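J.: how would this look folded up:
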Amino acid sequence: MISIIIPLYNQSEKIGKCLESIAAQTYCNYEIIVVNDRSQDRLSSTIQKSKKDFGIKIEWLHNQENHGAPYSRNKGLKKSKGEFVLFCDADILLKETALEEMLSVLRDNLQAAYAYSSFYFGRKFFRLWSFDAKKLREMPYVHSTSLLRRECFPAEGWDESLRKLQDWDLWLSILDNGHEGVWIDKALFSVASGGTMSDWLPSFAYKLFPFLSSVKKYKKAMQIVKKKHNLF
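T.: Here you go, the predicted model:
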């Protein structure tokens, strides 16, 4: 079984389409765990409508305070039961064969801890490449929406102290434990603009506009993760 864990904070306008894409999957042996991180919007009514419209079962967890996505993902993971885990944000739209294809690749590549794919961010296509440990230590390129074997998930979980680049930290922790990923040369999902990647900038911006707040935050997070994993 695949456990799909969705951390949510004020994403009621996106979660309905995300859940619809899950309900349309060709692979149906999954559970959905939504962790509400103290949202202030109409999230509850949106979830209830999705359950009714798409006929899906959703386990609904609530945080007592706003803790951030890493905390919510860890909480959802502890509640989940699947052999495989997919962390899926509210702004993700899965291709209808996404779960089936990711699972098939992991079953064919028993040495791999996770399967990751290319994806779209709005209209921009992010075509990735075969797993490269050296390149992963140099830059974040694996998206958090990747299918992971539970047995390979780090014991310490998502680092709740990080505000950015939590996914890069996760894949580096898995690499530190001796595990690697396998790439699927397809776009198996898309990311709606204005969500988790809303502050994405083209690579040249980090050289030409170092004074931007988003660039400063990104570079600071890079230094924190590099120090944690001894990448200097």
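
J.: so for the lengthiest helix in the chain, mean pLDDT?
T.: With DSSP state H applied, the helix covering the greatest number of residues in the chain is identified as helix 213-228. Along helix 213-228, the predicted confidence averages to a pLDDT of 84.

J.: against which helices or strands is that helix packed?
T.: Applying 3 or more Cβ pairs under 8 Å, 6 or more residues apart in numbering; DSSP states H and E, one finds that helix 213-228 makes contact with helix 166-176, helix 205-208. C-beta: built from backbone N, CA, C; applies to glycine.

J.: which residues of this protein fall in strands?
T.: Along the chain, counting by DSSP state E, strands occupy 2-8, 30-36, 58-62, 84-87, 92-94, 112-121, 124-126, 147-149, 180-191.

J.: would you turn the ones you listed into TSV with mean neighbour count, distance to S104 and mean pLDDT?
T.: As requested, the strands of the chain are exported to TSV (neighbours: other Cβ atoms under 10 Å; distance: least, Cβ to Cβ, whole Å; pLDDT from 0 to 100):
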stretch	mean neighbour count	distance to S104	mean pLDDT
strand 2-8	26	12	96
strand 30-36	22	15	95
strand 58-62	15	25	86
strand 84-87	25	12	98
strand 92-94	23	15	97
strand 112-121	22	9	97
strand 124-126	13	22	95
strand 147-149	24	10	98
strand 180-191	19	9	98
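
J.: tell me which of those lies nearest to S21.
T.: The closest of the strands of the chain to S21 is strand 92-94. By Cβ to Cβ, the value is 4.4 Å.

J.: tell me the strands beside the closest one, with direction?
T.: As defined by DSSP bridges, the strand partners of strand 92-94 come to strand 180-191 (antiparallel).
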